[in-house]
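**Q** Would you be able to build a 3D model of this:
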Amino acid sequence: MIGRLASLQEKLDLNAHTKSRRVVVTGYGMITPIGKDSGETFGNARNSVSGIDFISSFETEGLPCRIGGQVSDSWLGGFQAKRLQGIEKCSSRGLKLMIAATSEAAEMARLDSIENRAMIGVSLGYHGENPSVEDLVRLYRYAGGESWDINGLTRDGVYSFFNFFRRKPDVACSILSILFHCRGANFTVVSACAAGTQAIGEALGAIRAGKADVMIAGGCESNLNFMGFVGFVLIRALVEKYSSPDKASRPFDRKRNGFVMSEGAGTLVLESLEHAVARNAPIFAEVLGYGSSADAFRITDMHPKGDGAVFAMQQAIADAGLSASDIEYINAHGTSTIQNDQIETLAIKRVLGERAKQVPVSSNKSMTGHTIAAGGAIEAGLTIMGMNGSIVLPTINYEFADPKCDLDYVPNQARQLEHGISLSNSFGFGGQNACLCLGKFRK
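**A** Numbers count the residues shown, from 1 in each chain. Okay, here's the model as predicted:
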């Protein structure tokens, strides 16, 4: 064991010399269906708690799927009003979730103490807010035969530019920069389920390149309304058969039949090592590598051999200066769809080779559901907490083995296991793939 750690340290030292800057995590935060913050989310995940229930945010009668992972309104407490400072009307629910997650991460990282705000940036995975059915019905009244009644629309207060702002993905990133006084690099990533992971990966690149000292990076999503939900219903991606809501999300289980749509947000504060050390900031982990790829295959199907997923994982490992033999845990995308779970299993086998069945793989989505753009950021945070606590979170609802999914999925109960190098996978619709290589911080 000592020899292995020495060899690993040599690789990391070599990688540090080849990269312009090492990048560490000095804060993290999240809000999910199983917790109002990172501590509560991790504690409930460790105890195998499901956050899936019947949807109450809109009427689901007549839909083949009527469940989801909702965040309690009570968790968006009084600090929101203070934070929003007059821009409440521009802020979507997804952004409010992101503000909650970022507030936790920023406080943990002591972000307010940094004087040079021009070197703090924001990188956000986000898709904007879908209009409600009620909004569309109201708008339709002002559609004339040949022209819009734009005067009536504004006169009656039916629609305003605030609706426009809430639906633009880039506005959320701008509002975050205002609220947390970040004057540096600012960009939004729109790439489906890979968005949160890609936002972190692109932030890593900005710090390595010297374009920022600190980046707020992560993702958010809140589309549990009819317009956000119905598209997934129509392509038959959502779970339709379940004995109870809490049993519906069952990644890698033979009786899985679709994913559970959820809402939430996750944030990491990334910082160059020298900057973090200079201000005596807490350091929770290191972002060692990042990989991103496209299947270039089909919009709704993964490549049948997992080529894009393989490439993203291999890139992340190579970017970290490591080899597949160094990986000790994989936080899987693990959506609970037939296709994803089989192909991700195949991709992991292709990357890890003979070691694949020895490396624990688990899916947080078995408990949180699929938070889309937020998923990768939440899962990266949980991966970091797991490494620091020597705990591998479980895949719950694993009851029936699938011969095509034959890895160690950490079934149903968390596992005590010391591990220091992990991958976190995110594979999105359209064949957009992203992977982070995360490690315990070593001086």
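**Q** Only C-alpha atoms from now on, for both contacts and neighbour counts.
**A** Will do.
**Q** show me the contacts for residue 100.
**A** 29-31, 76, 80 (CA atoms under 8 Å, 6 or more residues apart in numbering).
**Q** My reading is that it lies in a helix. Confirm?
**A** Yes. With DSSP: H, G, I helix; E, B strand; the rest coil as the criterion, residue 100 is assigned to a helix.
**Q** So residue 384: helix, strand or coil?
**A** helix.
**Q** the helices in the stretch 1-150 of the chain, which residues?
**A** 2-18, 38-46, 79-84, 93-109, 133-140, 150-155 (DSSP state H, counting those that start in this stretch).
**Q** I should have written the stretch 151-300 of the chain there, sorry.
**A** Using DSSP H, counting those that start in this stretch, helices in the stretch 151-300 of the chain cover 161-167, 169-179, 195-208, 226-234, 273-278.
**Q** Buried deepest among these, which one?
**A** helix 195-208 (a mean of 27; mean count of other CA atoms under 10 Å).
**Q** what mean pLDDT would you report for that one?
**A** Helix 195-208 shows a mean pLDDT of 98.
**Q** again with stretch 321-338
**A** For stretch 321-338, the mean confidence score works out to 98.
**Q** That one: how far from the chain's middle?
**A** The chain centre lies 15 Å from the centre of stretch 321-338; the measure is CA atoms, centre = their mean, to the nearest Å.
**Q** Same question for stretch 53-69.
**A** On CA atoms, centre = their mean, the centre of stretch 53-69 falls 22 Å from the chain's centre.
**Q** From start to finish, how long is that stretch in a straight line?
**A** With CA to CA, to the nearest Å as the measure, stretch 53-69 spans 6 Å from end to end.
**Q** what domains does the record give for this structure?
**A** Following automatic domain parsing, one finds the domains of the chain at 2-128+168-439, 134-162.
**Q** Could you identify which of those is most buried?
**A** domain 2-128+168-439 comes out most buried of the domains of the chain by mean count of other CA under 10 Å, with a mean of 22.
**Q** now that domain, how far from the centre of its chain.
**A** That offset, for domain 2-128+168-439, works out to 3 Å (CA atoms, centre = their mean).
**Q** what's the least confident stretch among the helices of the stretch 151-300 of the chain?
**A** Mean pLDDT values for the helices of the stretch 151-300 of the chain show the minimum at helix 161-167, a mean of 82.
**Q** Give me the contact list for it.
**A** Outside helix 161-167, the residues within contact range by CA under 8 Å, 6+ apart are 89-92, 127-131, 171-172.
**Q** one step back: which of the helices of the stretch 151-300 of the chain sits closest to residue 53?
**A** With CA to CA, the closest approach to residue 53 among the helices of the stretch 151-300 of the chain belongs to helix 226-234: 15.1 Å.
**Q** And for that closest one, what's in contact with it?
**A** 58, 63-65, 130-133, 223, 238, 261.
**Q** With stretch 375-384 instead?
**A** The set of residues external to stretch 375-384 that reach it, using CA under 8 Å, 6+ apart, is 28-30, 38, 42, 193-197, 200, 217-219, 264-268, 284-285, 331, 364, 422, 424-426, 436, 438-440.
**Q** which ones among these are found in strands?
**A** Using DSSP state E, the members of the contacts of stretch 375-384 that fall in strands are 28-30, 217-219, 264-268, 285, 331, 422, 424-426, 436, 438-439.
**Q** and stretch 101-119, what's its mean pLDDT?
**A** The average pLDDT for stretch 101-119 rounds to 97.
**Q** how long is it end to end?
**A** Stretch 101-119 has an end-to-end distance of 21 Å (criterion: CA to CA).
**Q** ok, of the domains of the chain, where does mean pLDDT dip lowest?
**A** domain 134-162 (a mean of 76).
**Q** so how far is that one off the chain centroid?
**A** In this view, domain 134-162 has its centroid 36 Å away from the chain centroid, taken as CA atoms, centre = their mean.
**Q** what about it, how long is it end to end?
**A** 16 Å.
**Q** now swap in stretch 189-201 and tell me
**A** Its first and final residues considered, stretch 189-201 spans 11 Å by CA to CA.
**Q** what sits up against that stretch?
**A** Outside of stretch 189-201, the residues within contact range by CA under 8 Å, 6+ apart are 123-127, 169, 188, 217-220, 268, 290-292, 371-377, 380, 425-430, 432-436.
**Q** could you redo the last one with a cut-off of 7 Å?
**A** For stretch 189-201, contacts defined as CA atoms under 7 Å, 6 or more residues apart in numbering pick out 123-127, 217-219, 290, 372-377, 426-429, 432-435.
**Q** returning to what we had before: quickly check the contacts of helix 161-167 for the two that are furthest apart.
**A** 89 and 127 (17.6 Å).
**Q** show me what contacts the residue nearest to residue 260 when sequence neighbours are not counted?
**A** Closest residue to residue 260 apart from its sequence neighbours, by CA to CA, 6 or more residues apart in numbering: residue 369 at 5.0 Å. Contact partners of residue 369, counting by CA under 7 Å, 6+ apart, are 52, 69, 249, 260-262.
**Q** what do you get if the cut-off is 6 Å, keeping everything else the same?
**A** Contacts for residue 369 (CA atoms under 6 Å, 6 or more residues apart in numbering) come out as 69, 260-262.
**Q** and which of those residues is nearest to residue 244?
**A** Closest to residue 244, out of all of the contacts of residue 369 and judged by CA to CA, is residue 260, at 12.3 Å.
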